[in-house]
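*Asks:* Structure, please.
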Amino acid sequence: MNLRNKHRDEGEVHTGPLNDILFILLLFFLIVSTLANPNVIKLSQPKSKTDTRSKQTVVVSIDANQQYFVGTTKVSLTELKAQLQPFLAKETDQPSIVINADKTVPIDDVVAVMRVARELGARTVLAVDKKGVQ
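*Replies:* Numbers count the residues shown, from 1 in each chain. Have a look, this model is predicted:
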């Protein structure tokens, strides 16, 4: 005599709350991404039609008042080499320095940063605005 139940209950996964959770996570990441601004120093960059991406090791910014910043830390030109060495020492392959200069900065200041980068054995990349040439 077969006394087993012929209709077995199959397990179900309720995915209704999953949509709510994913929507909340999406909103959270959108809000956080707008708050995280890597360029805290306000600069008016030169314009360019093309965009070349580079893996950046460290960003050196030069504002309109010819003040130098490594990341967001203000440094003088004489201290620049000492401030860059710890960042470049961490890099295993070819380190690169992104120069983020205001368009009113004399080219001599940009070249001075390039010289320091060459002494440290790093590549330099000049950051530009992607909106086109003006």
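*Asks:* Longest helix in this structure, please.
*Replies:* helix 16-35 (DSSP state H).
*Asks:* which residues of this structure score low on pLDDT?
*Replies:* 1-8, 36-56, 129-134 (pLDDT under 70).
*Asks:* Please enumerate the strands of it.
*Replies:* 58-62, 68-70, 73-75, 96-101, 123-126 (DSSP state E).
*Asks:* could those go into a markdown table alongside distance to residue 17?
*Replies:* Heads up, the C-betas are built off the backbone N, CA and C, glycines and all. Output for these, formatted as a markdown table (distance: least, Cβ to Cβ, whole Å):
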| stretch | distance to residue 17 |
| --- | --- |
| strand 58-62 | 42 |
| strand 68-70 | 46 |
| strand 73-75 | 45 |
| strand 96-101 | 43 |
| strand 123-126 | 46 |
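*Asks:* Need those in TSV (columns: mean neighbour count and distance to residue 25).
*Replies:* Below are the strands of the chain laid out as TSV (neighbours: other Cβ atoms under 10 Å; distance: least, Cβ to Cβ, whole Å):
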stretch	mean neighbour count	distance to residue 25
strand 58-62	22	29
strand 68-70	20	34
strand 73-75	13	33
strand 96-101	21	31
strand 123-126	17	34
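*Asks:* re the thing from before, what comes up buried for the longest helix of the chain?
*Replies:* For helix 16-35, a neighbour-count test (16 or more other Cβ atoms under 10 Å) marks nothing as buried.
*Asks:* Can you name the residues in contact with that helix?
*Replies:* For helix 16-35, there are no external contacting residues (Cβ atoms under 8 Å, 6 or more residues apart in numbering).
*Asks:* Name all residues that make contact with residue 120.
*Replies:* 81, 84-85, 88, 95.
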